[in-house]
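Novice: Predicted model and sequence follow; I will ask about them next.
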Amino acid sequence: GRRHHQTPHAHPLTHEYYSNTCPQLDHLVSLVTSQQFREFPISAPATIRLFFHDCFVEGCDGSILISSERGGLLVEREAADNKNLAPEAFDTVNKAKELVEKKCPGVVSCADILAVAARDFVHLAGGPYYKVKTGRKDSKVSLHYKVQFNLPRPNSTVEELLLLFSKKGLGKDDLVALSGAHTIGFSHCNHFLSRLYNYHGTNRPDPSIEPRMLKELQMLCPPFGGSADVVAPFDVQTPFEFDHMYYRNLEAKMGLLATDQALWLDRRTRPLVLKLGQDKVKFFQAFALGMEKMGAIGVKKGRSGEVRKLCYRPN
Ligand code: HEM
Ligand SMILES: [Ca+2]
Ligand SMILES: [Ca+2]
């Protein structure tokens, strides 16, 4: 057989990519993620979100992980949408990389480590354990201006969300299932403030917010002069548990962002919200599938990427 002329798809992501070069990868990463989860539980939501923000901008290539350098170009991390990605998530990846480099030097990409770590945190928080395919290469650059139009806004319409996701090869089911990541974690007030006081310029709150929750959110987040550090849980019922309560909240008008509640209000996505709210097993399956599809966005192969030695710096 002749082995040249390989297309970019000749090596899709596989479960066996490191089976010779770093068979203990999952174990090594798990040592770091489990300790990180014990010491800094917010690493879980933060890392899951980090993976999302990596994959949607230039593909799952670790481009989000690169730190700025003095005198260098602005990197993705510096873009407004990424400013409040928690440092605990970056720390997790850097620590895991350090350990993996000791046992399997120069082999495992940071993009793959991030995918594995995100899976670990889903599981540690009570969600499904699914196998992660690997074989991603790391990017050689990170540019802040790539971010803005590749990430959803907290007040995007379902139409806009579906369009953005479809550009990434993801469908309606993926949008609804992956939004279920908001079953854990928190949002700063500014992302939903207009819903509380001035919905679409009406000077009234969004009518699709459950009244008691509205009152509580208004107390937490004043219209002016509130602290920029205040956060509210996405899932008021079980903010630390990776379960399907997120969808039940949407039925009860207790979605936090406009984009969360919109999944219930839109007739295209409502049936899926209902289905996943009724069945945790279905949610876990749909979420794992969504993560696998998201994890395959824009994957770099061969010389289009590299294996970074340090996740925060190109080689
Ligand atoms: C569908 C459109 C989405 C929008 C508009 C959106 C927007 C946001 C916003 C505004 C925050 C709060 C950030 C902050 O204030 O600190 C957030 C947090 C979060 N997002 Fe999303 N997101 C979306 C989809 C996703 C997806 C697909 C995932 C992962 C699969 C995800 C995972 C998370 C997690 C886990 C948090 C909590 C982070 C933390 O507590 O540190 N989101 N998202
Ligand atoms: Ca990326
Ligand atoms: Ca929950």
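Specialist: In hand now; what should we look at? The structure displayed is predicted, hence computed values, not measured ones. Ligands and ions are numbered 1, 2, ... in the order given.
Novice: and the stretch 51-200 of the chain, which of its residues are near ligand 1?
Specialist: 52, 84, 86, 152-154, 156, 161, 178-179, 181-182, 184-188, 191 (Cβ under 6 Å from any ligand atom). C-beta coordinates here come from the backbone N, C-alpha and C atoms, glycine included.
Novice: what's near enough to touch the closest residue to ligand 2 within the stretch 101-250 of the chain?
Specialist: Per Cβ to the ion, residue 139 is where the stretch 101-250 of the chain lies closest to ligand 2, at 6.3 Å. Residue 139 is in contact with 58, 61-63, 66, 111, 300, 305, 314, counting by Cβ atoms under 8 Å, 6 or more residues apart in numbering.
Novice: if you set the cut-off to 10 Å instead, what comes out?
Specialist: 54, 57-66, 76, 109-111, 298, 300, 304-306, 308, 314 (Cβ atoms under 10 Å, 6 or more residues apart in numbering).
Novice: ok, back up a step: now intersect the residues of the stretch 51-200 of the chain next to ligand 1 with the strands, please.
Specialist: 186-188 (DSSP state E).
Novice: could those residues go into a markdown table alongside neighbour count, pLDDT and distance to residue 36?
Specialist: Supplementary listing: those in a markdown table, determined by neighbours: other Cβ atoms under 10 Å; pLDDT from 0 to 100; distance: Cβ to Cβ, whole Å:
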| residue | neighbour count | pLDDT | distance to residue 36 |
| --- | --- | --- | --- |
| 186 | 18 | 98 | 18 |
| 187 | 18 | 98 | 22 |
| 188 | 18 | 97 | 22 |
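Novice: out of the residues you listed, who's nearest ligand 3?
Specialist: residue 186 (11.8 Å).
Novice: Apart from its neighbours in sequence, what residue is nearest the closest one?
Specialist: Using Cβ to Cβ, 6 or more residues apart in numbering and skipping residues adjacent in sequence, the residue nearest residue 186 is residue 231, 3.8 Å away.
Novice: Check the contact between the one you found and residue 188; I expect there is one.
Specialist: Yes - contact criterion Cβ atoms under 10 Å: residue 231 and residue 188 qualify, at 5.4 Å.
Novice: Helices of the stretch 201-315 of the chain, start to end?
Specialist: For the stretch 201-315 of the chain, the helices defined by DSSP state H, counting those that start in this stretch cover 211-220, 245-251, 258-265, 270-278, 280-294.
Novice: Does the third one reach ligand 1?
Specialist: The one in question is helix 258-265. Yes - Helix 258-265 is in contact with ligand 1 by Cβ under 6 Å from any ligand atom, via residue 259.
Novice: Could you pick out the residues of the stretch 51-200 of the chain near ligand 3 for me?
Specialist: Contact residues (Cβ under 5 Å from the ion) of the stretch 51-200 of the chain with ligand 3: residue 183.
Novice: Let's see that with 8 Å instead.
Specialist: When proximity is defined as Cβ under 8 Å from the ion, the stretch 51-200 of the chain approaches ligand 3 at 126, 183-184.
Novice: Which member of those is positioned nearest residue 270?
Specialist: Residue 270 lies nearest to residue 183 out of those, by Cβ to Cβ, at 17.9 Å.
Novice: wait, what's in contact with the closest one?
Specialist: Here residue 183 is in contact with 45, 122, 125-127, 233-235, 237-249, 283, 287 (Cβ under 10 Å, 6+ apart).
Novice: Can you go through those and name the buried ones?
Specialist: 45, 122, 125-127, 233-235, 238, 240, 242-249, 283, 287 (16 or more other Cβ atoms under 10 Å).
Novice: Quick check: the residue in the stretch 201-315 of the chain positioned nearest to ligand 2 vs residue 146, distance?
Specialist: Across the stretch 201-315 of the chain, the shortest distance to ligand 2 (Cβ to the ion) belongs to residue 298, at 7.2 Å. As judged by Cβ to Cβ, to the nearest Å, residue 298 and residue 146 stand 11 Å apart.
Novice: All set, thanks.
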